[in-house]
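Novice: Structure here, sequence nowhere to be found:
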């Protein structure tokens, strides 16, 4: 099963990523903008996700994705680590969030 260290490893493997502590837990930035956070319980992580896509994502896989009430107005979604299929799915989710804020010169070289 994937854990918070897998999230950290994948995130820090992306170009230009810097880890910071915010709200008492790790967050990850690229180009000065946050794209990932790992909450205290470390059983999930939060990534950027446009609200329209987020609703479809949650409806399709509610066991995997959700939004806490206090984040309902944001462009973020949470994912349960235990529900992910494998490290490839984790990578794809993190890259999607990273691309939303990464400078264009960095994002050209990342992906599958």
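Specialist: Received the coordinates, thanks. What you see is a predicted model, and the numbers here were worked out from it, not measured in a lab. Residues are numbered from 1 along each chain as shown.

Novice: low pLDDT regions in this protein?
Specialist: Counting by pLDDT under 70, the chain has low-confidence residues at 109, 111-112.

Novice: what about the longest helix in it?
Specialist: Counting by DSSP state H, the longest helix found in the chain is helix 87-99.

Novice: Quick check: buried residues in it?
Specialist: The neighbour-count check on helix 87-99 (16 or more other CB atoms under 10 Å) flags 90-91, 93-95, 97-99 as buried. In this view, the C-beta of every residue, glycine as well, is placed from N, C-alpha and C.

Novice: ok, now stretch 13-29?
Specialist: Buried, per 16+ other CB under 10 Å, within stretch 13-29: 14, 17, 26-29.

Novice: Between those, which sits nearest residue 80?
Specialist: Nearest to residue 80 among the buried residues of stretch 13-29: residue 26, at 17.3 Å, using CB to CB.

Novice: Can you pull the phi and psi angles for that closest one?
Specialist: phi -70, psi 140 (degrees, to the nearest 10).

Novice: How about it: what's its closest non-neighbour residue?
Specialist: Nearest residue to residue 26, sequence neighbours excluded (CB to CB, 6 or more residues apart in numbering): residue 38, at 5.1 Å.

Novice: and that neighbour, how far is that from residue 107?
Specialist: 22 Å (CB to CB, to the nearest Å).

Novice: So for the two, which sits in the more crowded spot?
Specialist: Between residue 38 and residue 107, counting by other CB atoms under 10 Å, residue 38 is the more crowded of the two (22 against 19).

Novice: for the more buried one, what are its contacts?
Specialist: The contact partners of residue 38, by CB atoms under 8 Å, 6 or more residues apart in numbering, come to 4, 7-8, 25-27, 44-46.
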